[in-house]
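> Sequence plus the predicted model coming up.
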Amino acid sequence: MPYLELRDGLPLYYEEHGEGSPIVLVPGWTITTPFWERQVDDLAYDHHVVTLDLRGAGNSGKTPEGHSLASYADDLDELLRGLELFDVTLVGFAMGVSVSAHYLVAHTNERVARFVWVDHSPHFFVAPGWPYALFGDLTPQRLEETLRRLWHDRPQVTRELLGVMFAPEEAWMLPELMKTPTEVATAMLAAVASVDLRPMMPRLDLPVLLVNGRRSVVPYEVGGWLEEHLPRSRCIVLDGGHAPFWDDAAAFNTSVREFAAGHHVR
């Protein structure tokens, strides 16, 4: 099992498959490498596919430290440098979008050539003039209640959140999410929900493919809004929920492969 020793000594778990131009898959909240199996099996045919488990999640080292978007972004930078990757197609799912955006803004963009933004609203909460909150109406108060319940009834709330991401779920999925300690899972969710990505968007000066699921808790119309505010972007809507890479894997993989080859970018 390959690990990269990070700056604080933490072992970061990653996998590499295939050869060709690199595609790096950055997971969402407590998501682990097996959730990308429908991408790895296909895209590794002609690409160098890299997956990772964020610090504290999956097979990566467990620690109460470093659970901020900036810290995850620094971990990603260390991985790309450690593997000496260039011309990367960076694919972020949900929380992985926020991690990737922080990486792209904070680090010199010499390694990543293009970015796939998968089913993520840049602002989680309902607000005046902002109709793209999660579920359409998520409030900070509801999020706080979810965090409280997550801390006190981790298995049940994790199962509920898993149902939001993957429906129907498979038997192996919940145990994978439960590899992340409760305090880390809570910190992860609080971190991603608290950051508004909209002020960062003008600094994302690279081609961006926006992928949304038509039946997601993230209003799919946010893709059109993002397309208007990211000048080098294109949005597509797939037949799926919050995880369109799982629900409509064939269409997702085809879109990513074409995007990595430089197609469909304004």
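Good, I have the coordinates. Numbering: from 1, shown residues only.
> quick one: contacts for residue 250?
By C-beta atoms under 8 Å, 6 or more residues apart in numbering, the contact set of residue 250 is residue 42. (C-beta placed from N, C-alpha, C; glycine too.)
> ok, the residue of the chain most remote from its centre to residue 199 distance?
The outermost residue of the chain relative to its centre, with distances by C-alpha atoms, centre = their mean, is residue 128 at 26.4 Å. Residue 128 is 17 Å from residue 199, where distance means C-beta to C-beta, to the nearest Å.
> same question, residue 47
To residue 199, residue 47 is 32 Å away according to C-beta to C-beta.
> Residue 193 too?
The span separating residue 193 from residue 199 equals 16 Å under the rule C-beta to C-beta.
> more neighbours, the two?
Each of residue 193 and residue 199 had its neighbours counted (other C-beta atoms under 10 Å), and the higher figure belongs to residue 193 (20 against 10).
> Using the three-state scheme, assign the more buried one.
The three-state assignment at residue 193 reads helix, by DSSP: H, G, I helix; E, B strand; the rest coil.
> got a list of what it touches?
Residue 193 makes contact with 124, 125, 143, according to C-beta under 8 Å, 6+ apart.
> May I have the secondary structure class of the second one?
Using three-state DSSP, the structure places residue 125 in coil.
> hang on, isn't it packed against residue 143?
Yes. With contact defined as C-beta atoms under 8 Å, residue 125 reaches residue 143; the gap is 7.4 Å.
> doesn't residue 92 fall inside a helix?
No. Assessed with three-state DSSP, residue 92 is strand; it does not lie in a helix.
> which residue ranges form the helices in the chain?
Shown for the chain, the helices assigned by DSSP state H span residues 37-43, 69-82, 95-106, 140-152, 154-165, 173-177, 182-194, 222-229, 244-247, 249-260.
> so what's residue 159 up against?
The neighbours of residue 159, taking C-beta under 8 Å, 6+ apart as the test, are 169, 174.
> ignore the last one, residue 64
Neighbours of residue 64 in contact, by C-beta under 8 Å, 6+ apart: 183, 184, 187.
> cool, residue 46 as well?
Taking C-beta under 8 Å, 6+ apart as the criterion, residue 46 is in contact with 18, 20, 257.
> Make TSV out of those and add distance to residue 226, pLDDT and neighbour count.
Formatted as TSV, the contacts of residue 46 follow (distance: C-beta to C-beta, whole Å; pLDDT from 0 to 100; neighbours: other C-beta atoms under 10 Å):
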residue	distance to residue 226	pLDDT	neighbour count
18	29	98	17
20	28	97	13
257	21	98	17
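> what's the closest of the residues you listed to residue 218?
Nearest to residue 218 out of these is residue 257 (C-beta to C-beta; 23.4 Å).
> Report how many residues lie close to the nearest residue to the closest one once chain neighbours are set aside.
In space, and not counting its chain neighbours, residue 257 is closest to residue 43: 6.6 Å by C-beta to C-beta, 6 or more residues apart in numbering. Neighbourhood size, residue 43 [other C-beta under 10 Å]: 24.
> Against residue 74, how distant is residue 106?
8 Å.
> let me fix that: residue 120
Counting by C-beta to C-beta, the gap from residue 120 to residue 74 is 20 Å.
> Tell me if I'm right that residue 107 and residue 79 touch.
No. If you go by C-beta under 8 Å, residue 107 and residue 79 don't touch, sitting 11.6 Å apart.
> Output stretch 146-158 as CSV - backbone C-alpha positions only.
This file holds the C-alpha atoms of stretch 146-158, laid out as CSV (Å, rounded to 0.1, in the frame of the first residue of the first chain):
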residue,chain,number,x,y,z
THR,A,146,-26.4,17.9,11.8
LEU,A,147,-23.0,18.4,13.3
ARG,A,148,-24.4,17.9,16.8
ARG,A,149,-26.2,14.8,15.7
LEU,A,150,-23.1,13.5,13.9
TRP,A,151,-21.1,13.8,17.1
HIS,A,152,-23.6,12.0,19.2
ASP,A,153,-25.1,9.5,16.8
ARG,A,154,-22.3,8.9,14.2
PRO,A,155,-23.5,5.7,12.5
GLN,A,156,-27.1,6.9,12.0
VAL,A,157,-26.2,10.4,10.7
THR,A,158,-23.4,8.9,8.5
